[in-house]
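Enquirer: quick one, structure for this:
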Amino acid sequence: MRFAFRLFFLSTLFLLASHAHASSLQTKTVSAWEHYIRLTEERINSELNQKGKYLASDFLGSADSHQIRNLLRSGQIHIQRMKTSDGNGGSMEVDDGMIHHWLGGIFVPNVKLDELLRWLQNYDQHHLYFREVEASRLLSKNGPEFRIFFRLHRKKIIDVRYNTEHTAIYRQRDPAHASSRSFTTRIAQLDDPGTPGEREKPVGDDSGFLWRLNSYWRFQQVDGGVFVECESVSLSRGIPFGFGWIIKGYVESIPRESLQNTLVSIREGMKKNLSAQDSPLGQATSPRQVSH
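Expert: Numbering: from 1, shown residues only. Modelled structure (predicted):
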């Protein structure tokens with residue numbers, strides 16, 4: 001029975017993947033996404049401007065905040081689902097799309113905020129440390145604003161690659177607190193990646209697994225290291241009618257696991273970086289050896 005169910009599950013995913021090329025990003029879907037992002041950013045900006053609190057988890061309640069900080073200091077990762085409500089406290093529906101909103105946190109020990117930010121802003125090296133980044137390049141820099149190219153690879157049964165461009169804007173409140181906002185300006189899924197026939201699909205007319213991606217980061221330096229938090233908000237195609245009960249959990253797990261991989265890569269990458277600085281030769285072993 002279990003084998004039969006698994007076979008049916010995988011067959012369903014294969015069927016969806018084989019027909020995913022027919023999905024197109026609609027204007028109404030973009031409008032719903034933009035509305036969701038506007039309300040989300042209003043809440044985040046309000047929190048960042050408050051005194052006495054800073055991390056997103058600080059606004060979950062004092063007991064929850066204390067528990068989360070202890071969890072992160074112990075070396076674990078905290079990830080939870082987030083949801084932005086409409087102006088009346090209700091949920092926001094997205095026609096022909098799904099919004100995936102997650103909050104994740106990690107503690108990076110034995111590091112200062114300024115050196116962590118310098119490491120993160122070295123975008124030419126991100127492909128060496130981040131599991132899903134196959135190629136990375138800084139396109140331009142204007143003060144606190146960075147334009148970046150990433151070639152992304154996401155694989156979980158279905159294997160997908162993208163050429164993407166992002167804008168990241170940093171803001172430092174004081175020596176111990178910083179934040180950044182990152183958003184995609186272009187996402188092009190690749191056909192036949194790694195072959196002579198590799199080409200980009202038309203933007204917004206692809207499999208629909210990743211149409212938009214925004215990331216909202218907060219960094220707080222404390223004794224012993226830096227707390228790192230990220231709110232990841234992404235947009236994908238909706239689930240075809242009748243398939244939600246079997247694949248919704250699978251679809252939602254992908255952005256969650258992507259956020260977790262990113263947070264772990266930051267902690268392990270900084271660990272390698274510190275080891276390189278302390279080694280006699282000033283070089284670490286290959287960054288691709290970072291464990292996750």
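Enquirer: nearest residue to W211 other than its sequence neighbours?
Expert: Using Cβ to Cβ, 6 or more residues apart in numbering and skipping the chain neighbours, the partner closest in space to W211 is L235 (4.6 Å). In this view, the C-beta of every residue, glycine as well, is placed from N, C-alpha and C.
Enquirer: what residues are up against the one you found?
Expert: 29, 33, 94, 97-100, 210-213 (Cβ atoms under 8 Å, 6 or more residues apart in numbering).
Enquirer: for D191, same thing?
Expert: Neighbours of D191 in contact, by Cβ under 8 Å, 6+ apart: 197-201.
Enquirer: so the spatially closest residue to I77 that is not a sequence neighbour, which of the three states?
Expert: In space, and not counting its chain neighbours, I77 is closest to I106: 5.3 Å by Cβ to Cβ, 6+ apart. Secondary structure for I106, judged by DSSP: H, G, I helix; E, B strand; the rest coil, is strand.
Enquirer: what is the burial count for Q277?
Expert: Using other Cβ atoms under 10 Å, Q277 has 11 other residues around it.
Enquirer: any idea how far it lies from R118?
Expert: Q277 sits 12 Å away from R118, going by Cβ to Cβ, to the nearest Å.
Enquirer: before we move on, what about R171?
Expert: 16 Å.
Enquirer: what do you get for G75?
Expert: 24 Å.
Enquirer: where do the helices of this protein begin and end?
Expert: Assigned by DSSP state H, the helices in the chain fall at 2-19, 27-48, 62-73, 113-120, 244-278.
Enquirer: TSV for the ones you listed, including distance to V133 and mean pLDDT?
Expert: As requested, the helices of the chain are exported to TSV (distance: least, Cβ to Cβ, whole Å; pLDDT from 0 to 100):
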stretch	distance to V133	mean pLDDT
helix 2-19	23	51
helix 27-48	23	96
helix 62-73	24	94
helix 113-120	13	97
helix 244-278	9	81
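Enquirer: which of those helices sits closest to D205?
Expert: Nearest to D205, of all the helices of the chain, is helix 27-48, at 12.7 Å by Cβ to Cβ.
Enquirer: show me which positions of the closest one end up buried.
Expert: Within helix 27-48, the residues that count as buried by 16 or more other Cβ atoms under 10 Å are 29-30, 32-33, 36-37, 40-41, 44, 47-48.
Enquirer: still on that earlier bit, would you confirm that the residue nearest to I77 contacts I266?
Expert: Yes - counting by Cβ atoms under 8 Å, I106 does reach I266; the two are 6.9 Å apart.
Enquirer: who's more crowded, those two?
Expert: Taking neighbours as other Cβ under 10 Å, I106 and I266 compare with I106 leading, 24 against 21.
Enquirer: quick one: that one from E93, how far?
Expert: The gap separating I106 from E93 is 32 Å, by Cβ to Cβ.
Enquirer: same check, this time on D192
Expert: Counting by Cβ to Cβ - D192 and E93 are separated by 35 Å.
Enquirer: ok, E200 next?
Expert: 30 Å.
Enquirer: more crowded one of the two?
Expert: Neighbour count, other Cβ under 10 Å: between E200 and E93, E200 has more, with 15 against 9.
Enquirer: contact partners for that one?
Expert: 163, 188-191.
Enquirer: what residues sit buried inside stretch 62-75?
Expert: Of the residues in stretch 62-75, 65, 68-69, 71-72 count as buried by neighbour count, 16+ other Cβ under 10 Å.
Enquirer: what does it contact?
Expert: 55, 57-60, 78, 105-107, 224, 227.
Enquirer: hang on, the earlier thing: nearest to Y129, of the helices of the chain?
Expert: Across these, Y129 has its closest neighbour in helix 244-278 (3.8 Å, Cβ to Cβ).
Enquirer: what packs against the closest one?
Expert: helix 2-19, strand 78-81, strand 97-109, helix 113-120, strand 145-156, strand 225-237 (3 or more Cβ pairs under 8 Å, 6 or more residues apart in numbering; DSSP states H and E).
Enquirer: turn these into CSV, columns for distance to E252.
Expert: Shown next, in CSV, are these (distance: least, Cβ to Cβ, whole Å):
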stretch, distance to E252
helix 2-19, 14
strand 78-81, 8
strand 97-109, 6
helix 113-120, 27
strand 145-156, 12
strand 225-237, 9
